[in-house]
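Enquirer: need a structure here:
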Amino acid sequence: MVVSASPLSSEKAEMNILEINEKLRPQLAENKQQFRNLKEKCFVTQVACFLAKQQNKYSNIKSWFTLRNES
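Expert: Predicted structure coming up:
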């Protein structure tokens, strides 16, 4: 069976693609915003982890000096 692609069918297909794009555009914007929010949360978590490690180092050094001075 041979199917010919007439100009009318390609125009209809193009319109369908445009309609699909119009419907997907809001979802794409929402997904981009969700991705940005996720990246921001990840960054905040990394900063919190770094600060916690620095605090732990500071506490260890402070304890070491306290124990050393008590001796």
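
Enquirer: Tell me which helix or strand the most centrally placed residue in the chain sits in.
Expert: Compute the mean C-alpha point of the chain, and by C-alpha atoms, centre = their mean the closest residue is Phe35, 3.2 Å away. Taking DSSP states H and E as the criterion, Phe35 maps to helix 7-70.

Enquirer: Off-centre distance for that helix?
Expert: Taking C-alpha atoms, centre = their mean, to the nearest Å, one finds helix 7-70 lying 3 Å from the centre of the chain it belongs to.

Enquirer: and that helix, what other elements does it pack with?
Expert: Applying 3 or more C-beta pairs under 8 Å, 6 or more residues apart in numbering; DSSP states H and E, one finds that helix 7-70 contacts no other helix or strand. Yep, even glycine has a C-beta here, placed from its N, CA and C like the rest.

Enquirer: State the mean pLDDT of that helix.
Expert: In this model, helix 7-70 has a mean pLDDT of 84.

Enquirer: going forward can the numbers begin at 56, since that is how I track them
Expert: Renumbered: residue one is now 56, and that last one reads helix 62-125.

Enquirer: Give me the contacts around stretch 88-103.
Expert: With C-beta atoms under 8 Å, 6 or more residues apart in numbering as the contact definition, stretch 88-103 has no outside contacts at all.

Enquirer: buried sites along it?
Expert: Neighbour-count burial for stretch 88-103, with 16 or more other C-beta atoms under 10 Å as criterion, is recorded at no position.

Enquirer: Restrict that stretch to CA atoms and write it as CSV.
Expert: Extracted as CSV, the C-alpha positions of stretch 88-103 are listed here (Å, rounded to 0.1, in the frame of the first residue of the first chain):
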residue,chain,number,x,y,z
GLN,A,88,10.9,26.0,37.8
GLN,A,89,10.9,22.7,39.7
PHE,A,90,14.4,22.0,38.5
ARG,A,91,15.6,25.4,39.7
ASN,A,92,14.0,24.8,43.1
LEU,A,93,15.7,21.4,43.3
LYS,A,94,19.1,22.9,42.4
GLU,A,95,18.6,25.6,45.0
LYS,A,96,17.7,23.1,47.7
CYS,A,97,20.7,21.0,46.8
PHE,A,98,23.0,24.0,47.0
VAL,A,99,21.6,25.0,50.4
THR,A,100,22.1,21.4,51.7
GLN,A,101,25.7,21.5,50.5
VAL,A,102,26.3,24.8,52.3
ALA,A,103,24.7,23.5,55.4
